[in-house]
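> Fold the stuff below for me.
(4 chains)
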There are 2 protein chains.
Amino acid sequence: MTDQAAGPDPGRRPTMVDVAQAAGVSLKTVSRVANGVPTVRADLAERVRDAMAELGFQRNNVAANLRSGRTTATIGLIILDLANPFYSTIAAAAAAVAERFDTQLITASSGWDAVRERELVLDLCERRVDGLIVAPTGDDQSYLGAEIARGMPAVFIDSPPSGCLADTVLIDNRTGTRDLIRRLLAEGHREIGVITDSLNDFTMRERLAGAAEALEEAGIETGRHFRRIYSDRPHDAGDAVGAMLDSSEPPTALFCGNNRILLGAVEELARRRDRTRLAAFDDFEFAKLLPRPVTVVGYDTRTLGRLAAELVFQRLRRPRSAPANYVVPTYLVDRGMAADPA
Amino acid sequence: MTDQAAGPDPGRRPTMVDVAQAAGVSLKTVSRVANGVPTVRADLAERVRDAMAELGFQRNNVAANLRSGRTTATIGLIILDLANPFYSTIAAAAAAVAERFDTQLITASSGWDAVRERELVLDLCERRVDGLIVAPTGDDQSYLGAEIARGMPAVFIDSPPSGCLADTVLIDNRTGTRDLIRRLLAEGHREIGVITDSLNDFTMRERLAGAAEALEEAGIETGRHFRRIYSDRPHDAGDAVGAMLDSSEPPTALFCGNNRILLGAVEELARRRDRTRLAAFDDFEFAKLLPRPVTVVGYDTRTLGRLAAELVFQRLRRPRSAPANYVVPTYLVDRGMAADPA
DNA sequence: TTGAAAGCGCTAACAT
DNA sequence: ATGTTAGCGCTTTCAA
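Residues are numbered from 1 along each chain as shown, chains lettered A, B, ... in the order given. Here you go, the predicted model:
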């Protein structure tokens, strides 16, 4: 014996038909009220609203969308790992833009798995998201070509797509690194160690290219102190640092291709009480806490996410415009704590 | 003149009807093939698959779901701020569980706005998500009562709901803080400063209660060195620290209610070259980089997200079981770098 | 094993 | 200003 107002079948969600019946009006009138159409007599609208409240009606947006063929008010974001602050910041920025368009964000992580990336994209297409933002991990995104041709807005972030044409928002990896290496050169360094991880990664290739550019400008033999590590463990970066420092002509400055490598280098240098000049790509929240000075290449991750989302909505309005290619600028900033006054 | 296989209306997405026509079979046969129903003659299935490939057919999952009334294979996660590592870690862990159920996660940030929290929940309900995970910011979640009664799985994380009954996954704030304060007491500290921010926050109230418990156990007058700050700026935490240290009986140890407060305290102590014993709630990735030793209360954020998502799917299977209340345990860990050997 | 018809909950087009 | 009818793209009866 419940005193709750119950529909014909408790447990079933009330539909517009139920509301119409309860309010003694037609289904269409309920629809009008639900959509805020003004041409409804006030007393009828009132009755409908009462019935809605009594039944606990909630419009089924899935059904509403089906017939209208309009948008699902959903965009998909495929990144590598949501737990990584780089990507979660992007997601937050994209969500903030989506909010302005009353759109929700479905975020999925590919986990550096190209097969999964493809599955996720296709799944999101089957869900009829209004657009996609993809941080690609595979080296073939041709599976998206058909979707893009059909008008699905797709924006690639961090790395460009292969095998299809789409909007991109990239970080200026090359210029950032070149500027940083130039700084080291200006300080008088001639032996500059460069540590990257796998060059399968577009961003890492760009950074390496930027470093090479700066070294070539200065007439310095490139590749001399390049060292590539193939793992995610900072420890391996430490080993690379160690090997360089133990060589016959050790570098006087080190460039680390990302913040993970930097942490490994910092640890190794601390162990050795070595004061080799440090520089790295990627700024991060706690860089200022690093126990030694480091110059890093920073960029505004939020801008990356914001631009990507804005491009989606832009393309939603004008589907057949030429692909846009945005580049997020970088800056140099000194982090880490100053050396103890001896 | 395109050589692309084009449906009747290029730009329109091909439907099962188009595929059926192209394959010379009925709509239902296409549906069977699309769903992997085995009772289809091999050659027919083959023809259907060919037609699908040629037309670039992709099932519309929105429509599929509408009739079957089944799940949308989507769950909603409402947190305070996706850019915050605490929440993005939760989101990533929840997404990992969802993946096992072929479910996607819609993540939305309320931004500490109770009105928006409510709007987001209702919007996600209208989208017919299969379940909700909510980190509440408002102090009234009664708006979810009707949904929960209808069988919508809802799990609250970090703080319990008010005004409705639901599963919860909370951190053991009270025990964690009590253990930490006990540690300080065991070290001989008697004057312990406690800095919290607004006590509107459930977690902060719990932490304060845990601190009070430990102090009372030790027969120490509580509230003596309690100080509450009302802002997000670490600077204000620094001011609170300063005021305590400048008092006639300064504390010999400080407990910071969260990591933001801790950072403010660290800065202030560094400015003063003060070596007051530091302790705090919240472990965080770079805590080990802090320039002075700190004992912190840690917990596994991933577990929080994982349990929450598992509860959603559990409740999806058995809708009317009693609400579960999980508590994520805490641990003490020493972070920060040892003091210089003077 | 295959298909025709009905219908999910809603909106669009057309009356009235 | 209101209602009627059709239909979104699919799944679900139920027949054949």
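> What pairs with the least confident helix or strand in chain A by mean pLDDT, parallel or antiparallel?
In chain A, no helix or strand scores lower on mean pLDDT, DSSP states H and E than strand A:226-228, which sits at a mean of 76. Here strand A:226-228 is paired, per DSSP bridges, with strand A:192-196 (parallel).
> Only the buried residues of the strand it pairs with, if you could.
A:I192, A:G193, A:V194, A:I195, A:T196 (16 or more other Cβ atoms under 10 Å in any protein chain shown). C-beta here means a position set from N, CA and C on the backbone, and glycine is covered the same way.
> residues near the nearest residue to A:V40 once chain neighbours are set aside, how many?
Leaving aside its chain neighbours, A:V40 sits nearest to A:R32 (5.1 Å; criterion: Cβ to Cβ, 6 or more residues apart in numbering or on different chains). The tally of other residues near A:R32 (other Cβ atoms under 10 Å in any protein chain shown) stands at 18.
> cool, A:A209 as well?
What A:A209 shows, counting by other Cβ under 10 Å, is a neighbour count of 13.
> Quick one: list the elements packing against the helix or strand hosting it.
Element membership of A:A209 [criterion: DSSP states H and E] is helix A:202-217. Judged by 3 or more Cβ pairs under 8 Å, 6 or more residues apart in numbering or on different chains; DSSP states H and E, the packing partners of helix A:202-217 are helix A:173-186, strand A:192-196.
> ok so, going back, and the buried residues of strand A:192-196, which is closest to A:T295?
Comparing these against A:T295 with Cβ to Cβ places A:I192 closest, at 12.4 Å.
> Who are the contact partners of that closest one?
By Cβ atoms under 8 Å, 6 or more residues apart in numbering or on different chains, the residues touching A:I192 are A:I181, A:L184, A:L185, A:A211, A:L215, A:I220, A:H225, A:P251, A:T252, A:A253, A:L254, A:F255.
> Whichever of those residues end up buried, select them in ChimeraX.
With 16+ other Cβ under 10 Å as the criterion, this ChimeraX line picks the buried residues out of the contacts of A:I192:
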select /A:181,184,185,211,215,220,225,251,252,253,254,255
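> circling back to that earlier point, with mean pLDDT added, can I get the helices and strands packed on helix A:202-217 in a markdown table?
Output for the helices and strands packed on helix A:202-217, formatted as a markdown table (pLDDT from 0 to 100):
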| stretch | mean pLDDT |
| --- | --- |
| helix A:173-186 | 98 |
| strand A:192-196 | 93 |
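> Could I get these in JSON lines, plus columns for distance to A:E54?
Formatted as JSON lines, these follow (distance: least, Cβ to Cβ, whole Å):
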{"stretch": "helix A:173-186", "distance to A:E54": "59"}
{"stretch": "strand A:192-196", "distance to A:E54": "65"}
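> Least confident of the contacts of A:I192?
The pLDDT minimum for the contacts of A:I192 sits at A:H225, where the score is 75.
> Could you measure from that one over to chain B?
Distance, A:H225 to chain B, using Cβ to the nearest Cβ, to the nearest Å: 27 Å.
> same deal with A:D239?
20 Å.
> Confirm that that residue sits in a helix.
Yes - applying DSSP: H, G, I helix; E, B strand; the rest coil, one finds A:D239 inside a helix.
> got a list of what it touches?
A:I229, A:E268.
> For it, give its distance to A:M204.
Look at A:D239 and A:M204: by Cβ to Cβ, to the nearest Å, they are 18 Å apart.
> now do A:T301
17 Å.
> From the neighbour counts alone, determine which of those two ranks first.
A:T301 (23 against 19).
> List phi and psi for the nearest residue to the more buried one once chain neighbours are set aside.
Among residues not flanking A:T301 along the chain, A:T89 sits closest, at 4.3 Å (Cβ to Cβ, 6+ apart). Torsion angles at A:T89 (phi, psi; degrees, to the nearest 10) stand at phi -70, psi -40.
> go on, A:K28?
phi -60, psi -40.
> Please give the number of neighbouring residues around it.
12.
> What segments of the stretch 51-200 of chain A are helices?
Along the stretch 51-200 of chain A, counting by DSSP state H, counting those that start in this stretch, helices occupy A:61-68, A:85-100, A:114-126, A:145-149, A:173-186.
> Need the ones you listed in TSV (columns: distance to A:L316).
Shown next, in TSV, are the helices of the stretch 51-200 of chain A (distance: least, Cβ to Cβ, whole Å):
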stretch	distance to A:L316
helix A:61-68	15
helix A:85-100	11
helix A:114-126	15
helix A:145-149	13
helix A:173-186	29
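> which one of those helices is the most hemmed in?
helix A:85-100 (a mean of 22; mean count of other Cβ atoms under 10 Å in any protein chain shown).
> one step back: restricting to the buried residues of strand A:192-196, which residues neighbour DNA strand D?
Taking Cβ under 7 Å from any atom of the strand as the test, DNA strand D is in contact with none of the buried residues of strand A:192-196.
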